[in-house]
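*Asks:* need a 3D model of the following:
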Amino acid sequence: MTNASRSILALSLGLTLLSACSGGRQVRNDEYGTDNARELALRQTGASSSSGIVVFGVDRSREAQNGGTGANAGGGGMTVNAYLWRATLDTLSFMPLASADPFGGVIITDWYTPPQAEGERFKATAYVIGRQLRSDGVRVQVFRQVSRGNAWVDAPASTSTNSELEDRVLARARELRSQSAGR
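*Replies:* Sure, this is the predicted structure:
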């Protein structure tokens, strides 16, 4: 073996050992910060979970709400009821969020396995319909899969699960509306 091939072998061995020390797991920013999909959806709709502080510059979201000419001014608005949208996000917050479209009113979660149910997993799709806060303004569809061998197989979810989640969304939306009326 030549010195060059020994150096390449030593370098590749060193990199292999270094990557083995990390366990193959990389820490993503959304695990510790607010760069996760749920916070992004809340920021897009203007329903941020915290009001935040503007240190330098102008809060363009407030400027747009006051009729200013900032970057967000005149950008349209949500085409669904804001209370129902926020309540749906809050209600489904125990499941990982896969997609949220505030203009189309669709929220899709990723698969979630409850701690007490090892062999089954659930996924939900919620539809926020219309701009009024009405009992028929939200629809939730829950999908269920069970583990059979090494594969996940579709299984029917309880029909009451959909209506129970819809009722929780509506109760949360009423709570959000009463909180905003008290301000």
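*Asks:* only C-alpha atoms for contact and neighbour calcs from this point on.
*Replies:* Fine.
*Asks:* the lengthiest helix in the chain packs against which elements?
*Replies:* For the chain, the helix with the greatest residue count under DSSP state H is helix 159-181. The helices and strands touching helix 159-181, judged by 3 or more Cα pairs under 8 Å, 6 or more residues apart in numbering; DSSP states H and E, are helix 82-91, strand 138-148.
*Asks:* out of those, nearest to residue 183?
*Replies:* helix 82-91 (15.1 Å; Cα to Cα).
*Asks:* give me the contact list for the closest one.
*Replies:* 38, 42, 45, 47, 102, 105, 107, 126, 128, 131, 133, 137-138, 165, 168-170, 172-174, 176-177 (Cα atoms under 8 Å, 6 or more residues apart in numbering).
*Asks:* go on, stretch 142-157?
*Replies:* Against stretch 142-157 from outside (Cα under 8 Å, 6+ apart): 119-125, 161-162.
*Asks:* cutoff 7 Å now
*Replies:* 119-125, 162 (Cα atoms under 7 Å, 6 or more residues apart in numbering).
*Asks:* measure that stretch end to end?
*Replies:* End-to-end distance for stretch 142-157, by Cα to Cα, to the nearest Å: 7 Å.
*Asks:* where do the strands of the chain begin and end?
*Replies:* 97-101, 106-109, 120-128, 138-148, 151-155 (DSSP state E).
*Asks:* out of the ones you listed, nearest to residue 79?
*Replies:* strand 120-128 (9.4 Å).
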